[in-house]
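Q: sequence below, structure please.
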Amino acid sequence: MSTRPRHPGPTAPAPGKLALPELREMKRRGDRISMVTAYDAPAARLADEAGVELVLVGDSAAMVMLGHESTVPVTLDEMIFLTRAVTRAAHRPLVIGDLPFGTYEISDEQAVGSAIRMLKEGGADCVKLEGAGRMVARARAIAESNIAVMGHIGLTPQSAIKLGGFRAQGRTADAAVELYDAALALQDAGCFSVVLEAVPAPVAARITEALEIPTIGIGAGASCDGQVLVWHDLLGMYDGPAPRFVKRYATIAEEISAALGAYIDDVRAGSFPEDQHTYSIPDAELELFEAALAAR
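A: Numbers count the residues shown, from 1 in each chain. Predicted coordinates for the structure are as follows:
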């Protein structure tokens, strides 16, 4: 395990860490970028070992880790706590800390302050915020503070109620043009990448073609420069239907349920623990122990 400092500063990537310019180079070469969410050190370590380029500590943690019905309730302190766990274990990927709802909307100063906390306290390499419009100014203020920032347009979960729920965006010509212009505005503001969520594939393809920075798609088709999935989605860590854009690469929930069931059966049957799961004491010490108890 390396003993080097985890985060040397917002403009100095750690040794061996993926550098931001490499993402643009990957786009130029046509190499796809992989991004996953992670919310703890074990997941971050596995993502690092697998070779992903980007790890997002997403505010989706509110729903998949903390049990909320939406992403809105999660706080900046909670996101910093989770980000700090991830940055301890993910060394090569760029770690992106999601700025939760209510931590950047009020002013540029609030946005920069939240981003600084995410880097200094969470150890993140970059931050992400949702939306365009007034949020373009927030992204610009963060970028001008020498903090790498990722944009996010299309379905923005923090404002899902305003958008009419968790549904695809940009499905009319006017809405598609609005997304196209928003992506260009975020690029002009200094974003190093833009997430396109639940955007029709042809619209995402035109946006990707127009931008010099990489697009990361989630439910936005194969033409994006990269893809992102939520850890719990891709591993199948829950039962029930998944969103349309999710591909489950495993069914971990079934394996966990089976393992827990087997454990409970063994405990109730008295077959766990066995001798190999217990610790011994030298016979002489055991005799002394028993003698001490008998003398009481």
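Q: where does the stretch 151-296 of the chain dip in pLDDT?
A: 159-166, 240 (pLDDT under 70).
Q: show me where it has strands.
A: 193-197, 215-218, 226-229 (DSSP state E, counting those that start in this stretch).
Q: now these in CSV, with mean neighbour count?
A: Where you see a C-beta, it was placed from the backbone N, CA and C, and this is true even at glycine. Listed next are these as CSV, based on neighbours: other Cβ atoms under 10 Å:
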stretch, mean neighbour count
strand 193-197, 28
strand 215-218, 27
strand 226-229, 22
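Q: would a markdown table of those with distance to K27 be doable?
A: Converted to a markdown table, the strands of the stretch 151-296 of the chain look like this (distance: least, Cβ to Cβ, whole Å):
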| stretch | distance to K27 |
| --- | --- |
| strand 193-197 | 9 |
| strand 215-218 | 8 |
| strand 226-229 | 9 |
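Q: out of these, nearest to A90?
A: Ranking the strands of the stretch 151-296 of the chain by proximity to A90 (Cβ to Cβ) places strand 226-229 first, at 14.6 Å.
Q: tell me how far the closest one is from the chain's mean position?
A: Centroid displacement of strand 226-229 relative to its chain, using Cα atoms, centre = their mean, to the nearest Å, is 11 Å.
Q: give me the contacts around that strand.
A: Contact partners of strand 226-229, identified using Cβ atoms under 8 Å, 6 or more residues apart in numbering, comprise 32-37, 53-54, 56, 193, 195, 214-218, 246-247.
Q: repeat that for 10 Å
A: 23, 26-27, 31-37, 52-56, 58, 96, 193, 195-197, 208, 214-221, 234-235, 243, 245-249 (Cβ atoms under 10 Å, 6 or more residues apart in numbering).
Q: got it, and stretch 248-267?
A: 229, 231-240, 242, 271-274.
Q: just the buried ones out of the residues you listed, please.
A: L229, W231, H232, D233, L234, L235, G236, M237 (16 or more other Cβ atoms under 10 Å).
Q: break the chain into its domains for me.
A: 20-250, 255-294 (automatic domain parsing).
Q: helix, strand, or coil at V55?
A: Under the three-state scheme (DSSP: H, G, I helix; E, B strand; the rest coil), V55 adopts strand.
Q: verify the stated contact: it with D98.
A: No: here V55 does not reach D98: they are 11.2 Å apart, not a contact under Cβ atoms under 10 Å.
Q: name the residues contacting each of the two.
A: With Cβ under 10 Å, 6+ apart, V55 and D98 have common neighbours T37, T83, A124.
Q: excluding covalently adjacent residues, which one is nearest to S145?
A: Leaving out its chain neighbours, the residue that sits closest to S145 by Cβ to Cβ, 6 or more residues apart in numbering is V112, at 4.9 Å.
Q: pretty sure that neighbour contacts R138?
A: Yes: between V112 and R138 there is a contact under Cβ under 10 Å: 8.4 Å.
Q: could you check which of the two has the larger neighbour count?
A: R138 (26 against 18; other Cβ atoms under 10 Å).
Q: buried residues, the one helix or strand E22 maps to. List them.
A: Secondary-structure element containing E22, defined by DSSP states H and E: helix 20-29. Across helix 20-29, burial judged by 16+ other Cβ under 10 Å covers L20, L23, M26, K27.
Q: now do the helices in the protein.
A: Listed in chain order, the helices of the chain (DSSP state H) span residues 20-29, 41-50, 61-64, 76-87, 108-120, 134-143, 160-163, 173-189, 201-210, 231-234, 252-269, 283-294.
Q: quick check: mean pLDDT of the third one?
A: The predicted model gives helix 61-64 an average pLDDT of 93.
Q: contacts for it, please.
A: Against helix 61-64 from outside (Cβ under 10 Å, 6+ apart): 37-40, 58, 68-75, 78-79, 81-83, 98, 100-101, 157-158, 230-233, 237-238.
Q: in ChimeraX, how would I select the buried members of those residues?
A: What follows is the ChimeraX syntax selecting those of the contacts of helix 61-64 that are buried according to 16+ other Cβ under 10 Å:
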select :37,38,39,40,58,70,71,72,73,74,78,79,82,83,98,100,101,157,158,230,231,232,233,237
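Q: follow-up on the earlier one: okay, and the common contacts of V112 and R138?
A: In contact with both V112 and R138: Y104, using Cβ under 10 Å, 6+ apart.
Q: just put the buried ones among the contacts of stretch 248-267 in JSON lines and tack on distance to A62.
A: As requested, these are exported to JSON lines (distance: Cβ to Cβ, whole Å):
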{"residue": "L229", "distance to A62": "17"}
{"residue": "W231", "distance to A62": "14"}
{"residue": "H232", "distance to A62": "12"}
{"residue": "D233", "distance to A62": "15"}
{"residue": "L234", "distance to A62": "18"}
{"residue": "L235", "distance to A62": "18"}
{"residue": "G236", "distance to A62": "20"}
{"residue": "M237", "distance to A62": "16"}
